[in-house]
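Asker: requesting a structural model of the entry that follows:
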Amino acid sequence: MSATVIPDFDAPSESVLKPASLAHVVLRTANLDRMTKFYAKFLGGDVVYSNDMIAFITFDEEHHRIALIGIPDTAPKMPSTCGLEHIAFTFVSLADLCLAYRQRKAVGIDPVWCVNHGPTTSIYYRDPDGNMLETQVDNFDTVEEATSFMSSEKFSENPIGTDFDVEDLIAAIRRGEDQNLLKKRKEIGPRGMPDLSKM
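Answerer: Here you go, the predicted structure:
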């Protein structure tokens with residue numbers, strides 16, 4: 001067993017120590033049972049623990065990624081107020097992203113927006129409380145390539161992206177088209193942010 005290294009707590013530093021990772025997201029809800037069932041289904045996850053006021057859900061090596069706190073007098077979400085805009089989940093490949101889309105669709109979970117942002121190809125959903133969820137695949141093999149695209153004139157002109165039809169992607173994948181080429185964003189010029197509250 002190696003000795004624990006004790007840091008110099010008084011040493012000056014130009015920045016704060018970065019976290020090792022993002023551990024989980026906690027959502028407050030008035031609909032605990034419905035939200036618990038939705039997230040377990042949406043993530044293909046497991047409810048690690050639940051009672052009449054809290055639920056912990058995971059889908060990977062973390063003991064919980066989503067926690068739900070049931071507070072009955074919680075007011076409905078207001079799309080026009082400040083707060084968390086969405087939670088994003090990454091898939092390994094475009095085919096996996098599309099497979100998860102089809103599996104969700106089969107159990108009644110339909111997307112509200114499909115967009116190739118450039119750095120990612122993304123499919124957005126809404127949970128029963130109205131919180132937005134992004135499922136995505138990285139369009140570039142490295143962070144450096146994605147950052148380079150985000151520094152480009154094309155991204156500056158259109159940082160939102162280009163909408164797409166998932167069924168068209170599935171058909172192209174079935175034809176054996178190169179998934180890296182399918183992830184390349186089609187450029188449409190300037191565009192504003194759509195009103196997702198109406199989607």
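
Asker: from here on, contacts and neighbour counts on C-alpha atoms
Answerer: OK.

Asker: quick one: residue 6 and residue 185, what's the gap?
Answerer: 48 Å (CA to CA, to the nearest Å).

Asker: among these two, which residue is more densely surrounded?
Answerer: Ranked by neighbour count (other CA atoms under 10 Å), residue 6 and residue 185 place residue 185 first, with 19 against 6.

Asker: okay, the residue lying closest to that one once chain neighbours are set aside: pLDDT?
Answerer: Take residue 185 and drop its neighbours on the chain: the residue closest to it by CA to CA, 6 or more residues apart in numbering is residue 118, 5.4 Å away. Residue 118 is assigned a predicted lDDT (pLDDT) of 97.

Asker: now swap in the one 10 residues further on and tell me
Answerer: Among the per-residue scores, residue 128 shows a pLDDT of 97.

Asker: skipping adjacent residues, who's closest to it in space?
Answerer: Closest residue to residue 128 apart from its sequence neighbours, by CA to CA, 6+ apart: residue 35 at 6.4 Å.

Asker: does the most centrally placed residue in the chain belong to a helix, a strand or coil?
Answerer: In the chain, the residue lying closest to the centroid (CA atoms, centre = their mean) is residue 88, at 1.3 Å. Per DSSP: H, G, I helix; E, B strand; the rest coil, the secondary structure class of residue 88 is strand.

Asker: residues touching it, list them.
Answerer: 133, 134, 135, 136 (CA atoms under 8 Å, 6 or more residues apart in numbering).

Asker: which residues are in contact with the residue nearest to residue 165 when sequence neighbours are not counted?
Answerer: Spatial nearest neighbour of residue 165, chain neighbours left out: residue 114 (6.8 Å); criterion: CA to CA, 6+ apart. Residue 114 makes contact with 121, 122, 123, 124, 163, 164, 165, 166, according to CA under 8 Å, 6+ apart.

Asker: redo those as CSV? Include secondary structure and neighbour count.
Answerer: Below are the contacts of residue 114 laid out as CSV (DSSP: H, G, I helix; E, B strand; the rest coil; neighbours: other CA atoms under 10 Å):
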residue, secondary structure, neighbour count
121, strand, 26
122, strand, 29
123, strand, 26
124, strand, 20
163, strand, 17
164, coil, 17
165, coil, 11
166, helix, 19
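
Asker: out of those residues, who's nearest residue 145?
Answerer: Nearest to residue 145 among these is residue 121, at 14.8 Å by CA to CA.

Asker: measure residue 24 to residue 42 for me?
Answerer: To residue 42, residue 24 is 16 Å away according to CA to CA.

Asker: out of those two, which sits in the more crowded spot?
Answerer: residue 42 (18 against 14).

Asker: quickly find the element holding the more buried one.
Answerer: According to DSSP states H and E, residue 42 maps onto helix 32-43.
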